[in-house]
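Peer 1: Need a 3D model of the sequence below.
(chains A and B)
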Amino acid sequence: MEPRTEAIYNKNIAITALVGILASLLLAFKEGVFSPVPLYGSLIFILILFIGHFLTNYLFPNQDPALFILCCFISQLGLIMLYRINSESALKQLIWFGIGFFLYFISSFVCRNWIEIKVGSLIFFITTAALLASPLLFGVELYGSKSWIAFDNVLFQPSEFAKITFSLFLADSLKNHKIEKPIYFFGQIFVVLALLALARDLGGAMLFYFAALTIIFAATSRWDLTALGLIGAGVAGILGYQFFGHVRVRAKAWLNPWEDVPGKGYQIVQSLFAIAEGGFFGTGLGLGRPDYIPAVTTDFIFSAFFEEFGFLGAAALIVVYFLLVYRGIKISLSIENSFLCLSALGITVFFGIQIFTIIGGVIKLIPMTGVTLPFMSYGGSSMVMSFISLGILNGIKMRASGGEADG
Amino acid sequence: MFELLSRTLRYVFIILIYYFLYNFLKIMIADLRGEKTQPKETGFILLDDDGNRYTLFDINTIGRADDADIIINDPFISSKHALIFKRGSKLLIQDLHSTNGTFLNNKKVTRPLRLKENDEITLGTKKFKFLRSETLGAEDRSYLQ
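Peer 2: A predicted model of the protein is given here:
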């Protein structure tokens, strides 16, 4: 790494730490008396950040340090908001952050020394399908979709993990830049989407659908398939509107939330009120009313952030997410091996679509769907899986810059 | 008290967040600029008998001319003698109609040929070895011991 870039990275680490300390000091005074809990939390976070950055840089000299800094910055803003909303969940989230970093490290390491997986697309497909089918068989129903598995009090969402195996499946099927055995291939994708629809995880199904469409286009450059896919998405939307009550409620709440403010439109209306309250500079940390917004720690955390950090803060957050996606695409472009290239792209595309879906949903750009905001929303499996995905991306980057064995 | 602090600090937060962004955008712009102008190193080098190394980029012309990428002053080498270029992840060598010919492992190069590690390239009377830059680094260290 060049010394100048390194200096910039170090500066950004310092800024992240400074934001954390300032915010935690401010939150410590929130109740009128000084309580040191947020400060301790912030110090633990900074410790993980420092160890994470310098240790990984020392062990993996040709990694992409920006990935870790960007996701830490976002996680920290998420932790600040969570502490401000509900201090207990922030503590749990901090533990998940620690576990996430550990897994980031492990998955980077494993991927760097990736023993070229020769298992083929079928194994990836079976893993994906098994992961998605498992909550249908022994899952619990939560927030209207049956996509969770409970291990004594810890809820786990297998579809988060399926995102990675699904990207690997697509990358492996398309690594020769053409679709071999189209009926078989589209049949497999259809099974995955059907499993998601059976669990009534329609946000998830949409995510997988658009990710598949993007990767197929990137691999084959076929406009006809993309156009067909977009028409298919439109038809699926209309059918969903006709047959799922769930979808109809969401679509109506999106088209005109003011029609039924205390009922169907409640979530989105509260989110819009919060955003309007924020203005340009926000109300200031701790002065907003996130308790009015439903599901504020998970789906609507962006509205709470918007209220207290304002339009300027929220716009900056979107740019930080954009930078994360940019780094991912840059890594994917720099790789010759088409399997690794498409895997990196798949992981990045999942991030990008997920971020767009949830932020678009809470600001009423598109209908609201219940997906999490990576690194920010409260939730263990989302946090951990986002870190593992980034770790894989980082591992792929290291493989590429370490000189590849074959092309 | 808390209200006042929070109202003032919100500006500080926004300034810090934007400073963070500014730094990253600076790196991004430097990246994009670097990608455009700087040729990419391939990780391979040429080593001649005198121990001179020549780093190989995506496209390298070898010859006596001043505008060749790798300039070698030798009377038996033509002004544009040979070309080493990248196709996919492989490096290929091609003769540029030189007077004294280009030889790969003592065979005359008539069409683009793929280069492998430890190949011997002969241009005129000069001999070169085609090596990975890392292997040479390791050898260098072993000399020191």
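Peer 1: Can you report how many residues lie near the nearest residue to residue A:259 once chain neighbours are set aside?
Peer 2: Leaving aside its chain neighbours, residue A:259 sits nearest to residue A:265 (6.4 Å; criterion: Cβ to Cβ, 6 or more residues apart in numbering or on different chains). Backbone N, C-alpha and C define where each C-beta goes, glycine included. Residue A:265 sits with 21 neighbouring residues when counted by other Cβ atoms under 10 Å in any protein chain shown.
Peer 1: residue contacts, residue A:265?
Peer 2: Contacts for residue A:265 (Cβ atoms under 8 Å, 6 or more residues apart in numbering or on different chains) come out as A:253, A:256-259.
Peer 1: And it, what's its pLDDT?
Peer 2: For residue A:265, the pLDDT comes out at 82.
Peer 1: Other residues contacting stretch B:100-120?
Peer 2: Residues from elsewhere that reach stretch B:100-120, judged by Cβ under 8 Å, 6+ apart: B:44, B:76-78, B:81-82, B:84, B:90-95, B:121-125, B:127-132, B:135.
Peer 1: now the helices for chain B?
Peer 2: B:2-37, B:133-144 (DSSP state H).
Peer 1: Mind checking those for the one nearest to chain A?
Peer 2: helix B:2-37 (3.7 Å; Cβ to the nearest Cβ).
Peer 1: tell me which residues in the closest one are buried?
Peer 2: By 16 or more other Cβ atoms under 10 Å in any protein chain shown, the buried positions in helix B:2-37 come out as B:2, B:5-6, B:9-10, B:13-14, B:16-18, B:20-21, B:23-24, B:27.
Peer 1: Near chain A, list only the ones from these.
Peer 2: Contacts with chain A are made by B:2, B:5-6, B:9-10, B:13-14, B:16-18, B:20-21, B:23-24, B:27 out of these, judged by Cβ under 8 Å from any Cβ of the partner chain.
Peer 1: Find me the pLDDT at residue 141, would you?
Peer 2: Since you didn't name a chain, this refers to chain A. Reading off the confidence values, residue A:141 has pLDDT 71.
Peer 1: Can you look at chain B instead?
Peer 2: At residue B:141, the model reports a pLDDT of 43.
Peer 1: How about residue B:144?
Peer 2: For residue B:144, the model assigns a pLDDT of 41.
Peer 1: again with residue A:367
Peer 2: On pLDDT, residue A:367 comes in at 85.
Peer 1: what's the nearest residue to it if we skip its chain neighbours?
Peer 2: Distances taken as Cβ to Cβ, 6+ apart put residue A:254 closest to residue A:367, at 4.0 Å, once the chain neighbours are dropped.
Peer 1: Export only the CA atoms of the one helix or strand that neighbour maps to, formatted as CSV.
Peer 2: In the assignment (DSSP states H and E), residue A:254 maps to helix A:245-255. C-alpha atoms of helix A:245-255 as CSV (Å, rounded to 0.1, in the frame of the first residue of the first chain):
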residue,chain,number,x,y,z
GLY,A,245,-53.2,-9.9,0.4
HIS,A,246,-49.9,-9.0,1.9
VAL,A,247,-48.6,-7.5,-1.3
ARG,A,248,-51.8,-5.6,-1.9
VAL,A,249,-51.6,-3.9,1.5
ARG,A,250,-48.0,-2.9,0.8
ALA,A,251,-48.7,-1.5,-2.6
LYS,A,252,-51.7,0.5,-1.4
ALA,A,253,-49.7,1.9,1.5
TRP,A,254,-47.1,2.9,-1.0
LEU,A,255,-49.5,4.5,-3.6
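Peer 1: OK, contacts around residue A:286?
Peer 2: Counting by Cβ under 8 Å, 6+ apart, residue A:286 touches A:26-27, A:30, A:84, A:308, B:2, B:6.
Peer 1: Quick one: low-confidence residue ranges for the chain.
Peer 2: Went with chain A since none was named. Scanning chain A for pLDDT under 70 picks out the ranges A:1, A:114-118, A:142-145, A:152-153, A:402-407.
Peer 1: Hmm, no, I was thinking of chain B.
Peer 2: Within chain B, the stretches with pLDDT under 70 are B:35-39, B:88, B:135-145.
Peer 1: what residues does it put near chain A?
Peer 2: When proximity is defined by Cβ under 8 Å from any Cβ, chain B lies next to chain A at B:1-3, B:5-7, B:9-14, B:16-21, B:23-28, B:30-31, B:43, B:88-90, B:132, B:134.
Peer 1: picking that back up, adding neighbour count as columns, could you present the contacts of residue A:265 in CSV?
Peer 2: Formatted as CSV, the contacts of residue A:265 follow (neighbours: other Cβ atoms under 10 Å in any protein chain shown):
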residue, neighbour count
A:253, 22
A:256, 10
A:257, 20
A:258, 10
A:259, 11
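Peer 1: So out of everything in the stretch 201-350 of chain A, what residue is nearest chain B?
Peer 2: residue A:284 (3.7 Å).
Peer 1: my bad, should have said the stretch 101-250 of chain A
Peer 2: residue A:177 (12.7 Å).
Peer 1: Can you tell me the SS state at that residue?
Peer 2: Secondary structure, DSSP: H, G, I helix; E, B strand; the rest coil: residue A:177 is coil.
Peer 1: Next secondary structure element downstream of the longest strand anywhere in chain A?
Peer 2: Across chain A, the longest stretch assigned as strand under DSSP state E is strand A:145-151. Per DSSP H and E, strand A:145-151 leads on to strand A:154-156 as the next helix or strand towards the C-terminus.
Peer 1: who touches that next one?
Peer 2: Here strand A:154-156 makes contact (Cβ under 8 Å, 6+ apart) with A:140, A:142, A:148-150, A:380-381.
Peer 1: So which residue is dead centre in chain B?
Peer 2: Central residue of chain B (Cα atoms, centre = their mean): residue B:41, 2.4 Å from the mean position.
Peer 1: and that residue, how far is that from residue A:396?
Peer 2: As judged by Cβ to Cβ, to the nearest Å, residue B:41 and residue A:396 stand 20 Å apart.
Peer 1: and if you look at residue A:232?
Peer 2: Taken as Cβ to Cβ, the span from residue A:232 to residue A:396 is 30 Å.
Peer 1: Just want to know which of these two has more residues nearby.
Peer 2: Shown here are residue A:232 and residue A:396; by other Cβ under 10 Å, residue A:396 has more neighbours (27 against 13).
Peer 1: could you give the angle of the helix or strand where the more buried one lies to strand A:145-151?
Peer 2: Taking DSSP H and E as the criterion, residue A:396 maps to helix A:380-401. Here the directions of helix A:380-401 and strand A:145-151 differ by 90 degrees (axes from the mean of the first three to the mean of the last three Cα atoms, to 10 degrees).
Peer 1: show me the contacts for the closest residue to residue A:380 other than its chain neighbours.
Peer 2: Spatially, and ignoring its direct neighbours in sequence, residue A:380 is nearest to residue A:96 (4.5 Å; Cβ to Cβ, 6+ apart). Applying Cβ under 8 Å, 6+ apart to residue A:96 gives the contacts A:379-380, A:383-384.
Peer 1: between those residues, which is nearest residue A:18?
Peer 2: Set against residue A:18, the nearest of the contacts of residue A:96 by Cβ to Cβ is residue A:383 (23.1 Å).
Peer 1: neighbours of that closest one, just the number please.
Peer 2: The number of residues packed near residue A:383 is 27, by other Cβ under 10 Å.
Peer 1: Against residue A:9, how distant is it?
Peer 2: 23 Å.
Peer 1: what does residue A:91 give?
Peer 2: Counting by Cβ to Cβ, the gap from residue A:91 to residue A:9 is 29 Å.
Peer 1: And for residue B:23?
Peer 2: 8 Å.
Peer 1: Can you check which residues contact both of those two?
Peer 2: Common neighbours of residue B:23 and residue A:9, counting by Cβ under 8 Å, 6+ apart, are absent.
Peer 1: Name the helix or strand for residue A:11, please.
Peer 2: Using DSSP H and E, residue A:11 falls within helix A:3-28.
Peer 1: so how far is the next helix-or-strand element following that helix off the chain centroid?
Peer 2: Per DSSP H and E, the first helix or strand lying C-terminal to helix A:3-28 is helix A:37-59. Helix A:37-59 sits 21 Å away from the centroid of its parent chain (Cα atoms, centre = their mean, to the nearest Å).
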